[in-house]
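Give me the fold of what follows.
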Amino acid sequence: MFTVEGINDLKTLSDVIGGELFSNNESFTGITVDSREEVNGTVYLALKGENFDGDIFCQDAIDNGSIAVITENPETLGRFILVKDTYDALLKIASHHHKQINPITIAITGSNGKTTVKEMMGKILDSDKTIITKRNENNQFGIPYTILRCSSSTENLVLECGARHDGDFKKIAEYFAFDQLIITNINNSHVGIFGSIENIIQTKLELIKAVKKSGSVIEAAFKNLSKSHKLATESNEIKLYDSNDLNLNTVWFYNCEKDSDQNNKYLISLNSEDTDRQIKFEASIEHNCINAVLTSLALSQFEYDINDSMKNLSEFENPLKNRFHIHEISNYLVIDDTYNANPASMQSAMKTINDWKDERGRIVILGDMYDLGDHASQEHKKVINYALRMNKLRKLILVGDTFTNEIKEFSDKEREKIILIQNRVDDFPLPELTRDSSIKSRGVIHRYFKSDGGIILIKGSRAMKMERFVESTIKYLQ
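Numbering: from 1, shown residues only. Next up, the predicted model:
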């Protein structure tokens, strides 16, 4: 249930959302979008999506204590507010609430790194006065839900903004105003849904329209947004623009070098016209260096010291446990990076464990990447090729039809390092089939999971549910 600042009766609610009230005016306690909740005195908002229709549950909501419903159906029985679009009603409610609370609002978008930057900001900002996006509630519904979780004591709001379709951000930009927009990077993740990288860029950049005139845009994706939408070929620059007019203010140049003796130590150089810093940083994955720099530079616009922020983020561990989360089991490291996957994040994760100065062998377990459209075949081949050229790779275990279809492009010698398995865990990591499908070989798993230890990376798109393989591997090794 969400309480809405400044709205507690049906007439005011109806006026705010531009609806028609079919009821006497009554007070209510809050807004619910879940008819199963037993909350007396609420108003039920009958949202609709690709796979759900809230109108079906209007009567359930009334039975569970709601005093009225917001609906698009004029034939609804009982007390209701009639609107043209219930999603627009949600945005209007959240917009009203946002304006009443008026927190410093930072929005984050991009193809990779959104969640990590959001969690890093949550680590630095005062938790008692800050609301950040929960888990992966970053879509067109999750954004207003996050805003509605704010209270009168909220001073900071950090919104992770993920798009699922072309145009998802148009209404977000229409209804909300941001003090800062962060663009982490842009690649061909979900290009199968958007149709082209150009559509991805246009969708992300819709959010610039929501930046206040007094606000700023900070990004690490483009050559120079004040001139064009061309993506940067090098990823060692972070740019700050004043307001949504995109007047280039500052360019920071950074370099991240690995400590020659330790896996998780880095030296970061950060330079601009007025900045020259050398920062020692500890991270479990190299990409967290740029995420930490981006976070620290963004918060420096709100008078947070860059060095203090970087110090707070050293040894950062993402609280979401499927984001490169390392399980230490006996002489093994099992790395759960199963939240999601695209070509860039696949290679980043493999590069990280490949660069570690650790003599243990590597086992990489990868599930298919989704939403790549016509690029799927090419990108899956690239990932296989990258994995096969890793130092100390013992086995590459591939899960899914797309990976299976692409291994025919590789030589017999290369395929000796590859194991294909069904998209199930019934027999994993128990004996696997050999080339002779009638023979089961216990040696495969004993050799590569029960010898002298190893580093095991497990990753794949969300729909592949690769966490099943994490659970099965950990259970086997314990």
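
Could you use CA atoms for every contact and neighbour count after this?
Noted.

Buried ones in the top strand by length along the chain, by neighbour count?
Counting residues, the longest strand in the chain under DSSP state E turns out to be strand 247-258. Going by neighbour count (16 or more other C-alpha atoms under 10 Å), the buried part of strand 247-258 is 247-248, 251-256, 258.

what does it contact?
With C-alpha atoms under 8 Å, 6 or more residues apart in numbering as the test, strand 247-258 has contacts from 224, 226, 236-242, 264-273, 289.

quick one: contacts of stretch 377-385?
Residues from elsewhere that reach stretch 377-385 (C-alpha under 8 Å, 6+ apart): 343, 346-347, 368-369, 402-403, 406-407.

and the residues you listed, which of them are in helices?
Residues of these located in helices (DSSP state H): 343, 346-347, 402-403, 406.

Which strand or helix spans the most centrally placed residue in the chain?
When C-alpha atoms, centre = their mean is applied to the chain, the residue found nearest the centroid is residue 115 (4.3 Å). Using DSSP states H and E, residue 115 falls within helix 114-124.

Who are the packing partners of that helix?
strand 104-109, strand 130-132, strand 156-160, helix 287-300, helix 306-313 (3 or more C-alpha pairs under 8 Å, 6 or more residues apart in numbering; DSSP states H and E).

try it again with 10 Å
With contacts taken as 3 or more C-alpha pairs under 10 Å, 6 or more residues apart in numbering; DSSP states H and E, helix 114-124 sits against strand 104-109, strand 130-132, strand 156-160, strand 178-183, helix 287-300, helix 306-313.

what's the angle between the longest strand of the chain and helix 287-300?
150 degrees (axes from the mean of the first three to the mean of the last three C-alpha atoms, to 10 degrees).

Adjacent strands (with direction) for strand 247-258?
strand 237-242 (antiparallel), strand 265-271 (antiparallel) (DSSP bridges).

State the mean pLDDT of the longest one.
pLDDT averaged over strand 265-271 equals 90, rounded to a whole number.

Mind listing residues that contact that strand?
Contacts with strand 265-271, where a contact means C-alpha atoms under 10 Å, 6 or more residues apart in numbering, come from 236-238, 251-260, 276-286, 289-290, 293, 314-315.

Can I get the buried part of these as one ChimeraX selection?
The buried subset of the contacts of strand 265-271, as determined by 16+ other C-alpha under 10 Å, is captured in ChimeraX by this line:
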select :237,238,251,252,253,254,255,256,258,279,280,281,282,283,284,285,286,289,290,293,314,315
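
before we move on, the earlier item: can I get the helices and strands packed on helix 114-124 in JSON lines with mean pLDDT and distance to residue 419?
Listed next are those as JSON lines, based on pLDDT from 0 to 100; distance: least, C-alpha to C-alpha, whole Å:
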{"stretch": "strand 104-109", "mean pLDDT": "98", "distance to residue 419": "36"}
{"stretch": "strand 130-132", "mean pLDDT": "98", "distance to residue 419": "41"}
{"stretch": "strand 156-160", "mean pLDDT": "98", "distance to residue 419": "37"}
{"stretch": "strand 178-183", "mean pLDDT": "98", "distance to residue 419": "38"}
{"stretch": "helix 287-300", "mean pLDDT": "95", "distance to residue 419": "28"}
{"stretch": "helix 306-313", "mean pLDDT": "95", "distance to residue 419": "38"}
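
I'd like those laid out as a markdown table, including distance to residue 210.
Converted to a markdown table, these look like this (distance: least, C-alpha to C-alpha, whole Å):
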| stretch | distance to residue 210 |
| --- | --- |
| strand 104-109 | 9 |
| strand 130-132 | 18 |
| strand 156-160 | 13 |
| strand 178-183 | 6 |
| helix 287-300 | 17 |
| helix 306-313 | 26 |
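
Out of those, flag the one nearest residue 138.
strand 156-160 (5.3 Å; C-alpha to C-alpha).

Adjacent strands (with direction) for that closest one?
Using DSSP bridges, the strands paired with strand 156-160 are strand 104-109 (parallel), strand 130-132 (parallel).

can I get the ones you listed in TSV with distance to residue 299 and mean neighbour count?
Formatted as TSV, the strands paired with strand 156-160 follow (distance: least, C-alpha to C-alpha, whole Å; neighbours: other C-alpha atoms under 10 Å):
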stretch	distance to residue 299	mean neighbour count
strand 104-109	9	23
strand 130-132	13	23
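
Just the pLDDT for residue 434.
42.

Mind checking the helices and strands packed on helix 114-124 for the one nearest to residue 212?
Proximity to residue 212 (C-alpha to C-alpha) singles out strand 178-183 among the helices and strands packed on helix 114-124, at 5.8 Å.

by how many degrees do that closest one and strand 237-242 diverge?
Using the same axes, to 10 degrees: strand 178-183 against strand 237-242 is 160 degrees.

Tell me which helix or strand comes right after strand 178-183.
helix 191-194.

which outside residues touch the helix or strand that that next one is followed by?
With elements assigned by DSSP H and E, the helix or strand that comes after helix 191-194 is helix 197-205. Contacting residues not belonging to helix 197-205 are listed as 108-111, 161-170, 173, 181, 183, 185-191, 193-194, 221, 225, 229-231 [C-alpha under 10 Å, 6+ apart].

Generate a PyMOL selection restricted to the buried entries among those residues.
Restricted to buried positions by 16+ other C-alpha under 10 Å, the PyMOL selection for the contacts of helix 197-205 reads:
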select buried, resi 108+109+110+111+161+162+163+165+166+167+168+169+170+173+181+183+185+186+187+188+189+190+191+193+194+221+225+231
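
Give the burial count for residue 227, as a bare number.
By the criterion of other C-alpha atoms under 10 Å, residue 227 has 11 neighbours.

quick one: it and residue 246 touch, right?
Yes. Proximity of residue 227 to residue 246 meets the contact threshold set by C-alpha atoms under 10 Å, at 8.9 Å.

how about stretch 213-230: buried residues?
Result for stretch 213-230 [16+ other C-alpha under 10 Å]: buried residues 215-225.

Out of those, which sit inside strands?
Counting by DSSP E, those place 215-219 in strands.

would you list the residues you listed in JSON lines and tack on pLDDT?
As requested, these are exported to JSON lines (pLDDT from 0 to 100):
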{"residue": "215", "pLDDT": "97"}
{"residue": "216", "pLDDT": "98"}
{"residue": "217", "pLDDT": "98"}
{"residue": "218", "pLDDT": "98"}
{"residue": "219", "pLDDT": "97"}
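
Kindly reformat these as a markdown table containing distance to residue 428.
Shown next, in a markdown table, are those (distance: C-alpha to C-alpha, whole Å):
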| residue | distance to residue 428 |
| --- | --- |
| 215 | 51 |
| 216 | 49 |
| 217 | 47 |
| 218 | 44 |
| 219 | 42 |
